[in-house]
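**Q** Please work out how this folds:
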Amino acid sequence: MVDDLADDDIMLLDNGEQVFLWLGAKCSEVEIKLAYKSAQVYIQHLRVKQPDKPRKLYLTLKNKESRRFTKCFHGWGPHKRPPE
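**A** Numbers count the residues shown, from 1 in each chain. Model (predicted):
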């Protein structure tokens, strides 16, 4: 849900084709490093479990979300931005 994307959070989204690591604006460097490492481990796990469905990891920053990311959410648009 778009409303779950808070400034101080980091979220991992797997849409079945790509994996996104979304970073809120107020995340610490330690949180970012740990989340990135966790995302890498997750991708490696997927490669073992689903070798026929390789996925790329995309870094996504708050308010700079790509169309690839936003289309994973029903109703995302200029009127529906993550809360400040």
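**Q** End to end on stretch 53-69, go ahead and measure it.
**A** By C-alpha to C-alpha, to the nearest Å, the extent of stretch 53-69 from end to end equals 18 Å.
**Q** tell me the mean pLDDT over that stretch?
**A** Averaged across stretch 53-69, the pLDDT comes to 94.
**Q** Could you give me the buried positions within the helix or strand bottoming out on mean pLDDT in the chain?
**A** Every helix and strand of the chain was ranked by mean pLDDT, DSSP states H and E. The lowest is helix 67-70, at a mean of 93. Using 16 or more other C-beta atoms under 10 Å as the test for burial, helix 67-70 gives residue 69. Heads up, the C-betas are built off the backbone N, CA and C, glycines and all.
**Q** for stretch 11-26, same thing?
**A** Neighbour count says stretch 11-26 has 19, 20, 21, 22, 23, 24 buried, by 16+ other C-beta under 10 Å.
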